[in-house]
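S.K.: Generate a structure from the sequence data that follows.
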Amino acid sequence: MTLDTAQMFVALAAFFLTFSAAILGGMKWMLDRVERRTDRNFAQVDQRFAQVDQRFEQVDRRFEQVDQRFEQIDHRFDRLESRMERADARMDRADARFDERMARIDARERQIDDRLLKIDANILDITAKIAGMNDSIVEMKASLARLEGPQPPLLIARG
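M.R.: Residues are numbered from 1 along each chain as shown. The predicted model follows:
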C-alpha cells in the first residue's frame with residue numbers, strides 16, 4: 001500500500017469519524033430537544049391530571065353533600081310516613097267511634113219511632129174514647145132532659 005492510499009484511508013476514516021460525530025451530535029441535540037418537549041408535555045399532562053383530580057374531589061364532595069341531603073330527605077319521609085300512619089290510625093279510630101255512635105243513634109231513632117207509634121195509637125184510642133164519651137154525654141144530656149121534662153127555650157139552648 002502506498003502512502004497516498006494510506007493517507008486516503010486515514011482521510012476517509014477522519015471523514016467518517018467527523019461525519020459520524022456530526023450525525024451523532026445532531027441526533028443527541030434532537031433527542032435532548034424531544035426529551036425536553038416530552039418532559040414539558042408530561043408536566044402539562046400531570047398538571048391536567050392534577051386539575052382532573054381536584055375536579056373529581058369536588059365532584060366527590062358534591063356527591064357526599066347530595067348523599068347527606070338524600071339521607072335528610074329519607075329521614076323526613078320516614079317522619080312523614082310515621083305521621084301519616086298515626087293519622088290513619090286516628091282516622092280509623094274516629095271512623096269506628098262514628099260508626100258506633102251512628103249505630104246508637106239508629107237504635108235511638110227506632111226506639112223513638114216505636115214510642116211515637118205507641119203514642120199515635122194511644123192518641124187514636126183516646127180520641128175514640130173521647131168520641132165515645134161525647135156520644136155518651138150527649139145521650140146522657142138527652143136522657144136527663146127527657147127526665148126533667150119540657151124546658152123553656154133559653155135553658156135548652158144553654159144546654
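
S.K.: average pLDDT for the biggest helix by length in the chain?
M.R.: Identified as the longest helix of the chain according to DSSP state H is helix 3-148. Mean pLDDT, computed over helix 3-148, is 91.

S.K.: Can you give me the neighbour number for residue 139?
M.R.: Residue 139 sits with 10 neighbouring residues when counted by other Cβ atoms under 10 Å. For glycine as for every other residue, the C-beta is placed from the backbone atoms N, C-alpha and C.

S.K.: Look up how far residue 128 lies from it.
M.R.: Distance, residue 139 to residue 128, using Cβ to Cβ, to the nearest Å: 16 Å.

S.K.: One more: residue 100?
M.R.: Taken as Cβ to Cβ, the span from residue 100 to residue 128 is 42 Å.

S.K.: And residue 40, by the same measure?
M.R.: 127 Å.

S.K.: now do residue 46
M.R.: 119 Å.

S.K.: cool, and residue 18?
M.R.: In this view, residue 18 and residue 128 are 158 Å apart by Cβ to Cβ.

S.K.: Over to residue 92?
M.R.: Taken as Cβ to Cβ, the span from residue 92 to residue 128 is 54 Å.

S.K.: How about residue 19?
M.R.: 155 Å.

S.K.: Please apply the same query to residue 122.
M.R.: For residue 122, the distance to residue 128 equals 11 Å [Cβ to Cβ].

S.K.: for stretch 7-22, the distance to its chain's centre please.
M.R.: Stretch 7-22 sits 92 Å away from the centroid of its parent chain (Cα atoms, centre = their mean, to the nearest Å).

S.K.: Next: stretch 71-85.
M.R.: 9 Å.

S.K.: Quick check: buried residues in that stretch?
M.R.: Residues of stretch 71-85 classed as buried by neighbour count (16 or more other Cβ atoms under 10 Å): none.

S.K.: go on, stretch 40-50?
M.R.: By 16+ other Cβ under 10 Å, stretch 40-50 has no buried positions at all.
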